[in-house]
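A.B. asks: Give me the fold of what follows.
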Amino acid sequence: MARNPYPGNVIDPLQPAPTAYRVDWARLVLLLLPALLRRPRQWAWLQVLTAPVARLHLDFISYLFASRRELSYSSQVLLFERALNDRFDPIRRRIVIRNADTEYAITYWNFVHEQQPVTEYLPQRHEAPPFPRPFRYWAEYAGQTDFTVIAPLVLRPRAVELHALIRRLKLATKHYSLLFQNL
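C.D. replies: I've put the predicted structure just below:
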């Protein structure tokens, strides 16, 4: 088994490489060697010469599995959690994503070129509370989050890496917060 240059992604010995990538290097060397030169010493020498190529082939298979795993990640919650847990907590898998349980308040915008005065939303009698209210400042809108990533406290030193992976996988318009807890 070759070393795996991609931590968190290992070659599964029970799952063989795809058929297009399977190569039996010892048999290939034997079949490419002319019948007159098939002596044990010559065959062993050629096997030693092809060993680095076989190792590179195993590294390529490892890279193939790692790439396929990376490409399977998306911004869907389950795949998002799997990506974070595969990278940062592969054994205990304690990183979870909680969606926000509140909805955004309705925003009313009056643009300058419309030449309309800023008006408060006046609820009608038939509407039930809580009444929607307009945002007064952009900070009110920017402060709301769509989801929260809850990670174990031991991952706090790797917060920058966590933020980078979250930003890579989340949708562009979504806001998040990262919370560390004792899990």
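
A.B. asks: Report the beta-bridge partners for residue 176.
C.D. replies: Beta-bridge pairing of residue 176, defined through DSSP bridges, involves residue 147.

A.B. asks: and it, how many residues sit next to it?
C.D. replies: Residues within reach of residue 176, counting by other CB atoms under 10 Å, total 16. Yep, even glycine has a C-beta here, placed from its N, CA and C like the rest.

A.B. asks: pretty sure it is touching residue 150, no?
C.D. replies: No: taking contacts as CB atoms under 8 Å, residue 176 lies outside contact range of residue 150: 11.0 Å.

A.B. asks: residues near the closest residue to residue 89 other than its chain neighbours, how many?
C.D. replies: The shortest distance from residue 89 to any non-neighbouring residue, by CB to CB, 6 or more residues apart in numbering, is to residue 95 (5.5 Å). Using other CB under 10 Å, the number of residues around residue 95 comes to 22.

A.B. asks: can you tell me how far residue 160 sits from residue 178?
C.D. replies: In this view, residue 160 and residue 178 are 11 Å apart by CB to CB, to the nearest Å.

A.B. asks: And for residue 157?
C.D. replies: 13 Å.

A.B. asks: which of those two has more neighbours?
C.D. replies: residue 178 (15 against 7).

A.B. asks: what about the more buried one, which helix or strand?
C.D. replies: strand 176-181 (DSSP states H and E).

A.B. asks: Packing partners of the helix or strand encompassing residue 59?
C.D. replies: Following DSSP H and E, one finds residue 59 within helix 40-71. Counting contacts by 3 or more CB pairs under 8 Å, 6 or more residues apart in numbering; DSSP states H and E, helix 40-71 packs against helix 25-32.
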